[in-house]
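*Asks:* coordinates only, sequence not included:
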């Protein structure tokens with residue numbers, strides 16, 4: 001996998017990488033990551049589609065949103081990206097915070113979203129999980145020491161420290177812009193309920209994927225969203241946790257390719 005990919009920039013300051021031709025597929029990464037996290041999917045899916053991976057606001061080369069911006073502002077940002085790229089009908093896939101943005105887009109943009117896929121998406125956290133993520137968001141916002149080892153332990157299986165995906169993820173986390181990270185994480189902490197009631201009216205093919213060992217974006221969450229969506233489909237990848245797009249790229253690519261044919 002490549003450490004850095006060349007980028008273009010939209011009129012409003014969103015940084016993106018585009019490869020391939022055909023029906024457009026927009027990819028949105030999670031908090032603390034960069035568009036490079038989608039490199040395995042860009043390489044595979046660009047054989048059949050125009051794949052556009054975007055740096056989330058305040059990440060990679062993208063301009064940050066204002067402090068206090070919540071999930072609807074991030075969804076609005078994605079709408080601006082689509083406008084700038086003159087994309088009228090798109091497939092949207094997101095990972096983690098990107099999954100929340102993708103779900104919000106499917107709920108808000110109507111037929112402009114042809115298909116939606118959520119990888120390791122959160123949905124209706126338990127009170128205990130909500131309290132933990134909210135406390136972490138407050139610590140980050142107050143400028144405290146950011147703990148990256150904790151997320152890595154949750155995101156990867158034990159003993160993964162020497163794997164390429166782990167090292168890249170740690171590097172991206174370590175180099176993220178603190179302001180962009182804090183803003184996005186606060187939105188992520190509050191975002192699991194924002195569009196939770198909307199899945200019943202999302203009529204496009206919807207795919208929900210997570211790892212069977214993901215303690216935060218759990219298999220139960222993926223199954224519940226798939227059940228709520230009229231055209232929902234759930235896939236659980238065994239032996240993996242939160243970073244399935246990097247740790248199980250061949251399985252994820254097959255699932256996404258099937259979804260893009262639905």
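*Replies:* Sure thing, it's come through. Keep in mind that this is a model prediction, so the values were computed, not measured. Numbering: from 1, shown residues only.
*Asks:* what about the strands in the stretch 101-250 of the chain?
*Replies:* For the stretch 101-250 of the chain, strands defined by DSSP state E, counting those that start in this stretch occupy the ranges 113-119, 206-211, 232-237.
*Asks:* most tightly surrounded among these?
*Replies:* Of all the strands of the stretch 101-250 of the chain, strand 206-211 carries the top mean neighbour count, a mean of 28, counting by mean count of other C-beta atoms under 10 Å. Heads up, the C-betas are built off the backbone N, CA and C, glycines and all.
*Asks:* residues near the closest residue to residue 92 other than its chain neighbours, how many?
*Replies:* Nearest residue to residue 92 in three dimensions, chain neighbours excluded: residue 102, at 4.6 Å (C-beta to C-beta, 6 or more residues apart in numbering). Around residue 102 sit 27 other residues, with neighbours defined as other C-beta atoms under 10 Å.
*Asks:* likewise for residue 261?
*Replies:* 9.
*Asks:* what do you get for residue 54?
*Replies:* Residue 54: 29 neighbours (other C-beta under 10 Å).
*Asks:* contacts only, for it.
*Replies:* Neighbour list for residue 54: 14-16, 26-28, 35, 62, 78, 81 [criterion: C-beta atoms under 8 Å, 6 or more residues apart in numbering].
*Asks:* may I see these arranged in CSV, with neighbour count, distance to residue 127 and secondary structure as well?
*Replies:* Shown next, in CSV, are the contacts of residue 54 (neighbours: other C-beta atoms under 10 Å; distance: C-beta to C-beta, whole Å; DSSP: H, G, I helix; E, B strand; the rest coil):
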residue, neighbour count, distance to residue 127, secondary structure
14, 23, 35, coil
15, 21, 37, strand
16, 21, 37, strand
26, 26, 33, strand
27, 27, 32, strand
28, 29, 28, strand
35, 24, 34, helix
62, 25, 33, coil
78, 26, 29, helix
81, 24, 34, helix
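*Asks:* nearest to residue 51, out of the strands of the stretch 101-250 of the chain?
*Replies:* strand 113-119 (12.8 Å; C-beta to C-beta).
*Asks:* what's the mean pLDDT across that closest one?
*Replies:* Per-residue pLDDT over strand 113-119 has a mean of 98.
*Asks:* stretch 148-159 too?
*Replies:* 92.
*Asks:* give the buried residues for it.
*Replies:* Applying a neighbour-count criterion of 16 or more other C-beta atoms under 10 Å, one finds 151-152, 155-156 buried in stretch 148-159.
*Asks:* closest to residue 191 out of those residues?
*Replies:* residue 151 (16.8 Å).
*Asks:* what sits against the closest residue to residue 109 other than its chain neighbours?
*Replies:* Spatial nearest neighbour of residue 109, excluding adjacent residues (C-beta to C-beta, 6+ apart): residue 79 at 6.7 Å. When contacts are counted by C-beta under 8 Å, 6+ apart, residue 79 touches 105, 108-109.
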